[in-house]
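J.: The following block contains a protein sequence and its predicted model.
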Amino acid sequence: MPPFEILYRLYYRRMAAYLAGFSAIPRSERADLAHDILVHAWLKRDRYRPRTGGDRSGEQKLNAWVYALARNYIVDRIRERRASAIPFSDGHDADRAASGRTPEEETLASGVMQGIRDALSRMSGRDREIAQLVFYERMSAAETGRILGIPGATVRWRLA
């Protein structure tokens, strides 16, 4: 397991992007939640078993381990939020203000992003997650399957 600073640099933006696939989590809370996930991963680092060759039982690549841990953490937070009936805030205005884009760039980017959001919104939550892990994170079907608890063949089928 790399030092926390390296783990953070490697995964912070990726976690924030991964959180975008969970419609129950608004943009305004993604940064804090991405941070919390990485702190959680660091605190659980003793459970990580790096791949060393030879016998690979119970060993994982860091990438797959971090995403599996993140997914469980996110699902737990969503369940807690629903159980306490505290709604997430929208947060879209804060995101737009922090982007630093000109109004023209923001309009173009929002149109493209809206098209992507529309396409993703038509997908099931599981399919959205598969697409993000395979296409954005460049994970194999087998790694994605391990994270989601489904066979790699099912991942490939869903991608088709």
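T.: Yes, it's here.

J.: For Ile6, which residues are in contact?
T.: Listed by C-beta atoms under 8 Å, 6 or more residues apart in numbering, the contact set of Ile6 is empty. C-beta here means a position set from N, CA and C on the backbone, and glycine is covered the same way.

J.: mind checking the SS state of it?
T.: helix (DSSP: H, G, I helix; E, B strand; the rest coil).

J.: Burial check on Ala34, number of neighbours?
T.: Ala34: 22 surrounding residues under other C-beta atoms under 10 Å.

J.: Which helix or which strand is home to the nearest residue to it once chain neighbours are set aside?
T.: Closest residue to Ala34 in three dimensions, ignoring its sequence neighbours and counting by C-beta to C-beta, 6 or more residues apart in numbering: Met15, at 3.8 Å. Here Met15 is covered by helix 4-19, with elements defined by DSSP states H and E.

J.: Tell me the helix or strand right after that helix.
T.: helix 27-43.

J.: what are the ranges of the helices in this structure?
T.: In chain order, the chain shows helices spanning 4-19, 27-43, 62-84, 92-98, 103-121, 125-131, 141-148, 152-159, with DSSP state H as the criterion.

J.: Arg49 is nearest to which of those helices?
T.: Proximity of the helices of the chain to Arg49 was assessed by C-beta to C-beta; the nearest stretch is helix 62-84, lying at 8.1 Å.

J.: Next up, the contacts around His40.
T.: The contact partners of His40, taken as C-beta under 8 Å, 6+ apart, are Leu69, Tyr73.

J.: show me where pLDDT drops low in the protein?
T.: 1, 51-60, 83-113, 116-117 (pLDDT under 70).

J.: At the geometric centre of it, which residue do we find?
T.: Tyr18 (2.3 Å; C-alpha atoms, centre = their mean).

J.: surely that one meets Gln132?
T.: Yes: proximity of Tyr18 to Gln132 meets the contact threshold set by C-beta atoms under 8 Å, at 6.2 Å.

J.: Can you list phi and psi of Met139 for me?
T.: Met139 has phi and psi values of phi -90, psi 150 when expressed as degrees, to the nearest 10.

J.: circling back: for the residue nearest to the centre of the chain, which residues are in contact?
T.: Taking C-beta under 8 Å, 6+ apart, we find Tyr18 in contact with Tyr67, Ala70, Gln132, Tyr136, Glu137.

J.: so how far is Arg14 from the third one?
T.: In other words, Gln132. Gln132 sits 10 Å away from Arg14 when distances are taken as C-beta to C-beta, to the nearest Å.

J.: Thanks again, I'm all set now.
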